[in-house]
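Peer 1: How does the following fold in three dimensions:
(chains A, B and C)
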Amino acid sequence: MNPDARRAKVDSALPASQPRRRFLDYLLGTSAVATLAAIFYPIFKFMSPPQIVESTENSVVAAKLSEVPPNSGKIFKFGNKPGILVHTASGEFKAFSAVCTHLECIVQYRDDTKQIWCACHNGQYNLSGKNIGGPPPRPLEEYKVNTRGDDVVVTRG
Amino acid sequence: MKIENCKFQIDPVVSGVRLLKDGSRNLQFRVCNFQFAMAFLIASFLLLVLANAAFAQKKSSCIECHIKLDDTRLSAPAKLFDNDIHKSRGLSCNDCHGGDPNADKKEDAKNPSKGYLGKPKTLDIPAYCGKCHSDANLMKRFNPSLRVDQEREYYTSVHGRLLKEKSETRVATCISCHSVHGIRAPSDPLSSVYPSNVATTCAKCHASADYMKPFGIPSDQFDKYKTSVHAKALYDKQDLSAPTCNDCHGNHGATPPGIASVANVCGQCHSRQAELFQTSPHKKAFDDKQLAECITCHSNHAIIKPNDQMIGTQQGTLCVNCHSNGDKGFIAAGMMRSRIDELIASIDKSTAILKDAEQKGMEVSKPKFELKGATDALTHARVLIHSSSTAEVDKVVAPGLDAAAKGYQAGLAALGERRFRREGLVVSLVFILFLALLVYLKIRQIESRSASASNKG
Amino acid sequence: MRINDLTNWLDERLAISTLMHLADKKEVPVHRHSIWYYFGGMTLFLFCVQVATGILLLLYYRPSAENAFESVQFIITEVKFGWLIRSIHSWSANLMIATLFIHMFSVFFLRSYYPPREITWVSGAFLLIIVICFGFSGYLLPWNKLAFFATKVGTEIAGVVPIVGRPILRFLRGGDDVTGATLTRFFGFHVAVLPATATVFIGVHVALVQLHGMHVPKKYEDSYQRMKFFPNFILRDAIGWILAIGVLAALAALFPWELGEKADPFAPAPAGIKPEWYFLFMFQTLKWIPAKVLGMDGEVLGIMAFNLIALLLFIVPFIDRDPENRRRHLIFNICGVVALMYIVVMTIVGYVAK
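Peer 2: This next block holds a predicted model:
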């Protein structure tokens, strides 16, 4: 007896269960699809590129060239710490940790004294990051700066 | 062979120039290259080595004799001198004390006709050191940036004035602080005037109640200083830029800063606070009342780390010492305190919710980072109270409050995200469990079917 | 009939109907201990979850000391459902090791390694080692403080072994110290070497199971029923897998796998460094073992003992091969129970101990 014929025989033997089986198959199919969707939805979401495209904390685009004219500075987020990017009056780019070594205030660039300055307690650093006045006990950590097209890229280490 | 007459020595600092001593106390420099050239030509290699060895060890009968003496008072200087900065600069006993180090007999070596001076009296010590240290031309050769006004400064100090005007010999002179014969550079960590050793050096006399009694000054400064925030920075954090005695009192010109100058002294480091104070209404009031600026609130030797309880209108704050309810300063103090308290509360609230979110497994390092803006504002606001201006304080408190509020919002969002995840979980679990149930039903169906099929067959 | 044509065309080339026929004929014995048959399949399913989530994580992960931690942080904060994928990968790894241990002990106690299934057992033992290597190498990849020091301690232990220890340590660390070089090579092992090896061994293992069929314990040899593998058994398997997905989702949502702090090679070791739970019993043993045992270095002795046990594990089916040997039977049961108790107790002790 071939399988089809056997099934036909069984089916005819149990006519009452036929609609119930169909219903079960239908439900099974739908919920399998729903579960698969619940599995694949996060996967597709995961694969679609996130808003911030890169995870690089080792280097970061600190600013656009146009944002930092000579003799100005900018605070940027570098990992979990703020950094300060300085475009010196002589056209050089410098970058340091912006966390004052005294009481962890955020430092800023002063275009009049051409120094990095902490407003909290008047800590002063020169443009090599060295503490030259006020209470800071240590120099600021220095980062490397490169320009890549219009981007100013700051790198640790 | 002129070489024996030319007693020279190679100075490690002033290289290329050989310091020549000609018996008198005046130092002369003469380039002996010619003699050297002659030596090279005439003497054999062996001879040269021997000669060099002889030059390196300049003869000093002072040390040779003194080091053997049983009386430690007399032998100690010879021993100590080994570590003395003056020795490393090529000087020897006779450069200060005179005499003839080449003479073998005591009478010859210590003959006053050879310029022998002996031990100076206490009254003469400043001038004794000043012979060289006040001579700009001479000092330049050893260290061009070294100051030469120490002696002059000394005579402006309380120590120096007592010494000069009252012939008081119990005061500190050069050697009391710098030690003698074993004098080290102030940058040498073993020096008695190295930043972390200064306070102990001053305390040798100033912490002794008996010693200070005739002068009628207290002796608790050192004990007080040890409790201060400055001492903590210097000793605990090993921050050598932290002030010790001489940073406020001056070193050679040591004097207690007067009422007029105390703000300038503190302002050397705390310049922002000093600057703000100068613009504040307190400036005139303090001047009129002859109050010393910083120390009226912060005290002098036992300066503790400032805290927010110092400002405000409650009992125990410093403001109420002068201000009474209703006056302008009283109101300003109350407002500044409440603004700072508000910011602290706001930061605490944000920190708490972010911590909560973090403990619940949410990643909140970014908002935690951004909350630094608020703590930054708090530190800044605590400085700005020196302006005594509510408006000034508000300029940083307001953005600080904004930053803190943002942190709180981020915390709320993180907790919301956590709720969303749980709800999403419930929904997907319903699907999953339902599917599992259906598969189970399907199995039963298949098995009942095959069972009945086999029964039939 | 176009569909029939296509089916026939494929059938001629892929022998589908033969396979279907085989699947249709494949049966699973049903008896009191049938439940243990599911754990092999469950382990395989969790391995597939690991492969899938692992591939997804690869899209964003960066294997370098500078970027690893940040990229994982990026995955769980910036990437949509990154927290889910990452947590599932971590949880599934742990569940997989748990089901693997259950599978191994059930096979051991049911004596499923009797001839002709020795090679199946040996390939399984290889898979155990491979999975443990997966765990050890994967633990370091987020480059956080705990993982860094746990790896340091773990490789240090390998270095204690006389003669070969030092070269092994250097090989594992890619140098004398745990550095970015260690991370890159652990990454290489974790995503290339180990998966390739695992695939081969899983292939052999599963093929052998098909070849020999399911083993039936002697007790039930005469009186067991059969269940069709397809669809009856596979659907039961499916229920387990579906529930596993649910459990993983729940664990990931309720107990997200922590990331911790970034590793700092210059920072002092934090207190209470512990390896992953499946190493705890060995870790605890090495902690308790006296410094000197019979004139030998205790730690070395402990490590050698574990190596010996691992070796014994491989040759189990070659020692115990006679189903009639009752005494050996008993000894093996006692050994198995003692080992199981030891692992459970020492793991708990390791957890509770400071």
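
Peer 1: and residue B:154, how far is that from residue B:166?
Peer 2: Distance from residue B:154 to residue B:166, counting by CB to CB, to the nearest Å: 15 Å. Using the backbone N, CA and C atoms, a C-beta is placed for each residue, glycine as well.

Peer 1: hang on, I meant residue C:23
Peer 2: 115 Å.

Peer 1: So which of those two has more stuff around it?
Peer 2: residue C:23 (13 against 9; other CB atoms under 10 Å in any protein chain shown).

Peer 1: Counting neighbours, what do you get for the residue lying closest to that one once chain neighbours are set aside?
Peer 2: Spatial nearest neighbour of residue C:23, excluding adjacent residues (CB to CB, 6 or more residues apart in numbering or on different chains): residue C:230 at 4.6 Å. If you count neighbours by other CB under 10 Å, residue C:230 ends up with 15.

Peer 1: correct me, but residue C:230 touches residue C:21?
Peer 2: No - between residue C:230 and residue C:21 there is no contact under CB atoms under 8 Å: 10.9 Å.

Peer 1: Now do the contacts for the closest residue to chain A within chain B.
Peer 2: Using CB to the nearest CB, the closest approach of chain B to chain A is made by residue B:272 at 3.7 Å. Each residue near residue B:272 by CB atoms under 8 Å, 6 or more residues apart in numbering or on different chains is listed here: A:119-122, A:134, B:383, B:386.

Peer 1: Next step: these restricted to helices.
Peer 2: Secondary structure from DSSP state H places residue B:383 of the contacts of residue B:272 in helices.

Peer 1: could you dump the contacts of residue B:272 to TSV with neighbour count, pLDDT and distance to chain C?
Peer 2: What follows is those, written out as TSV (neighbours: other CB atoms under 10 Å in any protein chain shown; pLDDT from 0 to 100; distance: CB to the nearest CB, whole Å):
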residue	neighbour count	pLDDT	distance to chain C
A:119	19	81	30
A:120	26	79	27
A:121	21	81	28
A:122	22	81	32
A:134	21	78	28
B:383	22	90	31
B:386	22	92	37
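
Peer 1: how about the residues of chain B that lie near chain C?
Peer 2: B:361-363, B:365-366, B:421-422, B:424-425, B:428-429, B:432-433, B:435-436, B:439-440, B:442-443, B:446-447, B:450 (CB under 8 Å from any CB of the partner chain).

Peer 1: Could you identify the buried members of the residues you listed?
Peer 2: Among the residues of chain B next to chain C, those buried by neighbour count (16 or more other CB atoms under 10 Å in any protein chain shown) are B:361-363, B:421, B:424-425, B:428-429, B:432, B:435-436, B:439, B:442-443.

Peer 1: just the strands in chain C please.
Peer 2: With DSSP state E as the criterion, chain C has strands at C:27-30, C:225-228, C:292-293, C:296-297.

Peer 1: I meant to write chain A there.
Peer 2: Under the criterion DSSP E, chain A carries strands at the ranges A:59-64, A:72-78, A:81-87, A:93-97, A:108-110, A:115-118, A:123-125, A:131-133, A:142-148, A:151-155.

Peer 1: I'd like a version of those in CSV, one that adds distance to residue A:28 and mean neighbour count as further columns.
Peer 2: CSV is the format used below for the strands of chain A (distance: least, CB to CB, whole Å; neighbours: other CB atoms under 10 Å in any protein chain shown):
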stretch, distance to residue A:28, mean neighbour count
strand A:59-64, 51, 19
strand A:72-78, 51, 19
strand A:81-87, 54, 22
strand A:93-97, 60, 23
strand A:108-110, 65, 19
strand A:115-118, 68, 24
strand A:123-125, 70, 24
strand A:131-133, 72, 17
strand A:142-148, 55, 14
strand A:151-155, 54, 19
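
Peer 1: Lovely, talk soon.
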